[in-house]
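Enquirer: Here's a sequence, model it:
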Amino acid sequence: MRSISFTNLLTMDQVSHTLGLVNDYFRFVTGFFEVISTSAPHIYHSALLLSPKTSSVRRLYERYAHPLTRIVQGIPTSWDPIIATTKWSHPILRPVWSPCGRFIAIRGSTTGMGTHILDAVTHKQLKLFARQEGSTQLFTFSTGSRLLTWLGRDSLGFLSWDIRTGILFSIILLGEGRSPRDARSITYSGCGNMFGVLFKSRTDTVIDVYSVLPDEDSDEPIYSHTVEGPVTDTIWTHGECIRFATLEPRSVTVWEVGFTSEHPAAKVESVQTPNDFDPWREFVFLPTPFRLAFVLGRAVIVWDAQRSEVLLNFVGGREPRKMTFSPNGRFFACGTDGPEVYLWKESPTGYILHLTLISNSGHHSRPREPLISPDGQSIIVSHGPVLQSWSTADSSVLPSGVHPTQTSRPPQRFILGFSPDESLAATGRLANDTVTVLDLKSGALRLVIDAGMKIRGLRVAENTIVVVGDGTIVTWPLPLGDGVLNLTVNESVRKITFDHPTPLEFSPTPAASISPDFNQIAVVDAAAGLRIYDVSTGKRLAGVESRGDMPWLALEGHEVWCCSTAGKWEGWAIVKYRGFDVTKLERLDPAGGPPGGFPWQSPRGYKITGDGWILGTSGKQLLWLPPHWRSGETDMAWSGRFLALLHPELPEAVVMELLQE
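Expert: Below you'll find the model as predicted:
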């Protein structure tokens, strides 16, 4: 008996190991699909180099890697829940899942982008349909995922394409008197030969039923159902019938009509809503288990209408937006007005928080509604031109080290400085109070500083580091020898206060810059504009109004430039009058920018392409950057062969050395 139990235990361990290995291979292929499909040699130059430290693929094949770049800091410890990220040339509209779960359809917000059918796992483009003029009103797959049907806000009817061939399958004109702008929802019949459309206007609410292959002699729908009462904006298919819901302040009622005239409207069931539910605010209704999700203030409420009990009452740090259920109700997701997407999982006691997904797309627009796949295995979110997919898998099938919940925190940008000899790099998060110093040769941490103030700027010399806070300049000595040294403001060698200190308003970009000769500091904020201070005394030397929010002192402090997040430059020459304690700022032509470029421009001629490739001076592809490492150009810093990527949602700055020109 003991032998049998031990054998079974070994078998379970082997199964668990195999599942973990298969999942690791899956994450490797999907995570690096873009680079593998573009350049197979970069399996060895990029993919293996960028794989997580605990990855089975890395452990098995790392010895075969041929890196052209050395990652000093930033390789992730384990796979995160992100499966794939793609970035498009134009903002994309709300994606649509196919019922089979294998495809995702997207349309661009501009007519030039067209309609794309993507592989749901890799985001590889499978089909591209000709562009359709105008914005989208309705967009859906047929029951068997064969057809993709589109209705534009200004179109005359429905266009359906065969996604296997990419050929236009049918054009179905709207019924007389119907406006596409009144169309709210579309659902296909179970057999896929018909679809119903809900139209809501000021005067009436109707559900029209159309045949996928219309009668050539008639443009009218095959049947039209008139609906009474306050109807929700969603209809759905149940068998060969269409269902819809009406909402009252204290109840929700489900009704049913047929796809043909043989089945008139009939009540299915009526259930009670909670007292604080407002049917005129944003909500989501899941008809199968009769669940209602709505926002009450900053709280997200999920109500079981059949059992009359609350399944979830969650208050987060940001305002909740855009909610969705998985088709079977096992998962519930809610976006926010920030980068967070919360995902809850069904349990015997209600819904428990399963994942807090932090969008690290590098795009600052609000995410659109999160959408859960038909099988509940993944979730997609679009924001601006970026589409991201996450896994909803249980932690039991994830590799060791992957945690089911990420820490929710607001994104904070990094600020970074290299020492002149390129031996050290100092990093900190803007408006935070901790600075770390990294040895660029070994990758080891050398120094941790508790600055005791919100960091606005820093610069590293050969033996000191200078940090600028709100109205204060503090200097610390750099460590000698090995080991990690922890310092506070009490161990600083000098602390200077500005003579006209003005608290800096929080800015998403660094608000202070120290000149290369450590003589001057440029500070900028929305309230006081650009100001120049003397480092040794803290005396204010000059000031001028500026629309920029990112100062940069160049030419040993003889020029100061500001660049806003919109990419507009302003420059001034710093003129000192001999014999007078006066400094003046004279405006420069912004066309050329500062001599030697900004810190996010390589002085050696390295380039980063729009699709994430780091190119050497000869144009050779040195490294492919994962999408979640890419951000705006001002979120990177160069120093000779070294490059730092400062994406705000990464746990630490990514620092690398390019080994080839």
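
Enquirer: switch to C-alpha atoms for all contacts and neighbour counts from now on
Expert: Noted.

Enquirer: export stretch 167-175 as PDB, just CAs?
Expert: Extracted as PDB, the C-alpha positions of stretch 167-175 are listed here (Å, rounded to 0.1, in the frame of the first residue of the first chain):
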ATOM      1  CA  ILE A 167     -14.300  37.900 -48.900                       C
ATOM      2  CA  LEU A 168     -17.300  40.100 -48.400                       C
ATOM      3  CA  PHE A 169     -20.100  37.500 -47.700                       C
ATOM      4  CA  SER A 170     -23.200  39.700 -47.700                       C
ATOM      5  CA  ILE A 171     -24.600  43.300 -47.600                       C
ATOM      6  CA  ILE A 172     -27.800  43.500 -45.600                       C
ATOM      7  CA  LEU A 173     -29.700  46.800 -45.700                       C
ATOM      8  CA  LEU A 174     -31.400  48.300 -42.700                       C
ATOM      9  CA  GLY A 175     -35.100  48.200 -42.400                       C
END
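
Enquirer: So which bits of that stretch are buried?
Expert: Neighbour-count burial for stretch 167-175, with 16 or more other Cα atoms under 10 Å as criterion, is recorded at 168-175.

Enquirer: buried ones in stretch 619-636?
Expert: Quick answer for stretch 619-636 (16+ other Cα under 10 Å): 621-631, 634-636.

Enquirer: Just the ones of the residues you listed in strands?
Expert: Using DSSP state E, the subset of those located in strands is 621-624, 636.

Enquirer: dump the residue contacts of Ile473.
Expert: 466-467, 494-498, 535, 538 (Cα atoms under 8 Å, 6 or more residues apart in numbering).

Enquirer: Quick check: what element follows the one helix or strand Glu34 maps to along the chain?
Expert: Following DSSP states H and E, one finds Glu34 within helix 33-38. Helices and strands here follow DSSP H and E; after helix 33-38, the next one along the chain is helix 42.

Enquirer: which residues are contacting that following helix?
Expert: If you take Cα under 8 Å, 6+ apart as the criterion, helix 42 is touched by 35-36, 623-624.

Enquirer: same question for it, mean pLDDT?
Expert: Averaging pLDDT along helix 42 gives 93.

Enquirer: Show me what counts as buried in stretch 232-239.
Expert: Across stretch 232-239, burial judged by 16+ other Cα under 10 Å covers 232, 234-237.

Enquirer: which one of the residues you listed sits closest to Arg250?
Expert: Arg250 lies nearest to Thr232 out of those, by Cα to Cα, at 14.7 Å.

Enquirer: ok, the closest one to Pro264 distance?
Expert: In this view, Thr232 and Pro264 are 19 Å apart by Cα to Cα, to the nearest Å.

Enquirer: Over to Val121?
Expert: 41 Å.

Enquirer: These two - which one has more neighbours?
Expert: Ranked by neighbour count (other Cα atoms under 10 Å), Val121 and Pro264 place Val121 first, with 22 against 12.

Enquirer: The more buried one in helix, strand or coil?
Expert: Here Val121 is coil, with the state taken from DSSP: H, G, I helix; E, B strand; the rest coil.

Enquirer: For it, list the residues it contacts.
Expert: By Cα under 8 Å, 6+ apart, the residues touching Val121 are 30, 83-84, 102, 389.

Enquirer: Recalculate using a threshold of 7 Å.
Expert: Going by Cα atoms under 7 Å, 6 or more residues apart in numbering, Val121 touches Thr30.

Enquirer: Throw the contacts of Ile473 into a markdown table and include secondary structure and pLDDT, thanks.
Expert: Listed next are these as a markdown table, based on DSSP: H, G, I helix; E, B strand; the rest coil; pLDDT from 0 to 100:
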| residue | secondary structure | pLDDT |
| --- | --- | --- |
| Val466 | strand | 92 |
| Val467 | strand | 92 |
| Arg494 | strand | 90 |
| Lys495 | strand | 91 |
| Ile496 | strand | 89 |
| Thr497 | strand | 89 |
| Phe498 | coil | 85 |
| Val535 | coil | 87 |
| Gly538 | coil | 88 |
